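> Build me a model from this:
(one chain, ligands or ions: 1)
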Amino acid sequence: MNSLNAAFKALPSVDKALQSEALSPLVVKYGHEAVKAAIRSKLDEVRNEISAGDSSLVDAILEKNYFSNFCKEVAGNVSSSFVSSLIPVLNLTGTVVHTNLGRARLPAEAMSAIETVATQATNLEFDLVTGKRGDRDSHIEKSICEITGAEAATVVNNNAAAVLLVLNTLSPGKEVIISRGELVEIGGAFRIPDVMKSAGCTLKEIGTTNRTHLRDFENAINQDTGLLMKVHTSNYEIRGFTNSVPEEEISNLAREKKLNFVSDLGSGTLVDLSQFGLPHEPTVSETLANGADIVTFSGDKLLGGPQAGVIAGKQELVQAIKRNPLKRALRVDKITMAALASIINLYRDPQRLAQRVPLIGDLARPVSEIAALADRLLPDFVEKLKNRAEASIEDCKSQIGSGALPLDLLASKAIVLRPIAKKGATDASLQKLAADFRELSKPVIGRIHDGKLLFDLRCLHDEEELRRLLLQLPV
Ligand SMILES: *Cc1c(COP(=O)(O)O)cnc(C)c1O
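The predicted structure is shown next:
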């Protein structure tokens, strides 16, 4: 009991710790408050451990070097608490637009646009001609309209927000008719039936999972109908005996019944991807030309820009959407606006997209280039991992990801690691290997498949950086 009391008494005082050799420089660097909070938190932790009867701790506290050890530990805690936990990683998963890895890498043009506006006051919502309040969307609307053929456009925080806002504006308290085969779940918590509910609409699902006909739409329309809707089945495909109603037919029916037709494109590309050797994905302008009154799409999927959701289409509908009070809650800031506007401008020169938009460059990257990269890197993997894994090059398929073109995989090359392990320990070695790559100073994220760790090199651009990182790997 005595030694417990002695330990409590011997604990460092906050003031003394603040002046210690280890912590005083951190007070200068990070400020008094943060260091004090870290000391207090460590003291609380130690007191709890003493109370819990940790006798080796009690002995340690009573030694004379305890004070300096305590301060060093707190210093480590303070320093690491100021390191950002949001850090860059190498995406070698083979999924190009990886939602968990932050989706698109922005082009240099977007970065300089962000830099220009981020640290200064801007005319974000200020009309320089009249000196009065301006329109946030004015910075982007013209170019979206030029590229898509839309009459008007507005931008919100992401495509989920775009869908929510459109439904809540155009069909509150009314039924939204949608094919049963299109009730998608995107991942995270975005599910069309739930979004409908949040938007205050009633979902009216029609047809069957595999087949929906125009007559299903016709039969479902009644005085409670607010909207006809189509959702791009971004992350799955229904094959076999299927039917879905072409946009033109839904649009004609909507016109006849004086209803609006909304199409949620999801990934929404502005250009025909087949020019880069990729499969065709419905473009925004095609969907509008097919008669959609409003389309919604993401800024950071196939567009390759910042997280945002674009709503484009008929002038009077977009105006109504902009007047919805929810718009205020879902709007984007000047940084997103600047980045998105600069990327949309790049789309006005489609020939140079693959050079200028990193996402398009990654998607269009020739497999021969990836293969050459794999050949150059293989010896480094073989040498570094000779005691842990067999390294080889294999054909693999990259996927676009984020619910874009789910079944269309791009031919690519991977460095493949097969752990050298005693029988039965293969899985543990594989997990350990993947974990070691995740612990590098820039984490290298691969994909585990079929007892192997794969690094798809499609999205690798700095091979020297990967070589340097490999040197850090435990052997
Ligand atoms: C991805 C997607 C969404 C959600 O878009 P976010 O930009 O992730 O919010 C909505 N609808 C469809 C069809 C999608 O593919």
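
> Check the spacing between residue 452 and residue 415 real quick.
10 Å (Cβ to Cβ, to the nearest Å). All C-beta atoms are positioned from the backbone trio N, CA, C, and that covers glycine.

> more crowded one of these two?
residue 415 (26 against 20; other Cβ atoms under 10 Å).

> so that one sits in a helix?
No - per DSSP: H, G, I helix; E, B strand; the rest coil, residue 415 lies outside any helix segment and is strand.

> The closest residue in space to it that isn't next to it in sequence: what secondary structure?
Among residues not flanking residue 415 along the chain, residue 455 sits closest, at 4.6 Å (Cβ to Cβ, 6 or more residues apart in numbering). At residue 455 the chain is in strand, as set by three-state DSSP.

> Tell me, how many residues neighbour residue 455?
Residue 455: 25 neighbours (other Cβ under 10 Å).

> Same question for residue 113.
Residue 113: 22 neighbours (other Cβ under 10 Å).

> What helix or strand is it located in?
Per DSSP states H and E: residue 113 is located in helix 108-118.

> any idea of the mean pLDDT for that helix?
Per-residue pLDDT values over helix 108-118 give a mean of 96.

> Ok, stretch 346-354 next?
Mean predicted lDDT for stretch 346-354 stands at 93.

> cool, stretch 459-470 as well?
Per-residue scores along stretch 459-470 average to 98.

> List of residues touching that stretch?
90-92, 96, 362, 373, 376-377, 380-381, 384, 440-442, 444 (Cβ atoms under 8 Å, 6 or more residues apart in numbering).

> which stretches of the stretch 51-200 of the chain have low pLDDT?
Applying pLDDT under 70 to the stretch 51-200 of the chain flags the ranges 187-189.

> residues from it in reach of the ligand?
By Cβ under 6 Å from any ligand atom, the part of the stretch 51-200 of the chain that sits against the ligand consists of 158, 159, 160, 163, 184, 186, 190.

> Out of the residues you listed, list just those in helices.
Counting by DSSP state H, those place 159, 160, 163 in helices.

> Drop the exposed ones from the residues you listed and show what's left.
159, 160, 163 (16 or more other Cβ atoms under 10 Å).

> Tell me the one of these nearest residue 257?
Of all these, residue 163 has the smallest distance to residue 257: 21.9 Å, by Cβ to Cβ.

> and the closest one, what is it in contact with?
Residue 163 touches 195, 199, 264, 296, 309, counting by Cβ under 8 Å, 6+ apart.

> do the same with residue 330
Counting by Cβ under 8 Å, 6+ apart, residue 330 has contacts 156, 157, 161, 164, 165.

> do residue 88 as well
Residues counted as contacts of residue 88 (Cβ under 8 Å, 6+ apart) are residue 442.

> Residue 304 in helix, strand or coil?
Residue 304 ends up coil, using three-state DSSP.

> before we move on, what about residue 235?
coil.

> what about it, distance to residue 186?
From residue 235 across to residue 186, the span is 7 Å (Cβ to Cβ).

> same question, residue 69
Taken as Cβ to Cβ, the span from residue 69 to residue 186 is 50 Å.

> Looking at the two now, which is surrounded by more residues?
Taking other Cβ under 10 Å, residue 69 and residue 186 do not tie; residue 186 has more neighbours (19 against 13).

> pretty sure the more buried one contacts residue 264?
No - using Cβ atoms under 8 Å, residue 186 is not in contact with residue 264; the gap is 10.1 Å.

> Dump stretch 293-309 to CSV, keeping only the CA atoms.
Only the C-alpha atoms of stretch 293-309 are listed here, as CSV (Å, rounded to 0.1, in the frame of the first residue of the first chain):
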residue,chain,number,x,y,z
ASP,A,293,-35.2,16.0,-68.4
ILE,A,294,-32.6,15.8,-65.7
VAL,A,295,-29.4,13.7,-65.4
THR,A,296,-27.3,13.2,-62.3
PHE,A,297,-23.7,12.0,-62.2
SER,A,298,-20.6,11.9,-60.0
GLY,A,299,-17.6,14.3,-60.3
ASP,A,300,-15.1,11.7,-59.1
LYS,A,301,-15.9,8.6,-61.0
LEU,A,302,-15.3,8.4,-64.7
LEU,A,303,-15.0,12.2,-64.9
GLY,A,304,-11.8,12.0,-62.9
GLY,A,305,-12.4,15.1,-60.8
PRO,A,306,-13.1,16.0,-57.2
GLN,A,307,-16.0,14.5,-55.2
ALA,A,308,-19.1,16.3,-56.5
GLY,A,309,-22.5,15.5,-58.0
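
> what's the offset of it from the middle of its chain?
12 Å (Cα atoms, centre = their mean, to the nearest Å).

> again, but for stretch 11-31
39 Å.

> Can you give me the end-to-end span of it?
23 Å (Cα to Cα, to the nearest Å).

> what do you get for stretch 84-95?
Note: stretch 84-95 ends 25 Å apart using Cα to Cα.

> Grab the nearest non-local neighbour of the residue of the stretch 1-150 of the chain found nearest the ligand.
Closest to the ligand within the stretch 1-150 of the chain is residue 99: 6.9 Å, counting by Cβ to the nearest ligand atom. Spatial nearest neighbour of residue 99, excluding adjacent residues (Cβ to Cβ, 6+ apart): residue 402 at 5.2 Å.

> The one you found contacts residue 98, doesn't it?
Yes - under the criterion of Cβ under 8 Å, residue 402 makes contact with residue 98 at 7.3 Å.

> re the thing from before, hmm, which two among the residues of the stretch 51-200 of the chain next to the ligand are most spread apart?
158 and 184 (15.4 Å).

> Check whether residue 245 sits in a helix, strand or coil.
coil.

> Now it: closest residue in space that isn't a chain neighbour?
residue 214 (5.1 Å).

> my read: that neighbour touches residue 247, true?
No - contact criterion Cβ under 8 Å: residue 214 and residue 247 do not qualify, at 11.5 Å.

> More neighbours: these two, which one.
Per other Cβ under 10 Å, whichever of residue 214 and residue 247 has more neighbours is residue 247, with 20 against 14.

> and of the contacts of residue 330, the nearest to residue 75?
Taking those together and measuring to residue 75 by Cβ to Cβ, the closest member is residue 157, at 39.2 Å.

> By neighbour count, which of the contacts of stretch 459-470 wins?
Busiest of these [other Cβ under 10 Å] is residue 96, holding 29 neighbours.

> Find the closest residue to the ligand in the chain.
residue 266 (2.3 Å).

> For the closest residue to that residue other than its chain neighbours, grab the count of nearby residues.
Using Cβ to Cβ, 6+ apart and skipping residues adjacent in sequence, the residue nearest residue 266 is residue 234, 4.0 Å away. Counted with other Cβ under 10 Å, residues neighbouring residue 234 total 23.
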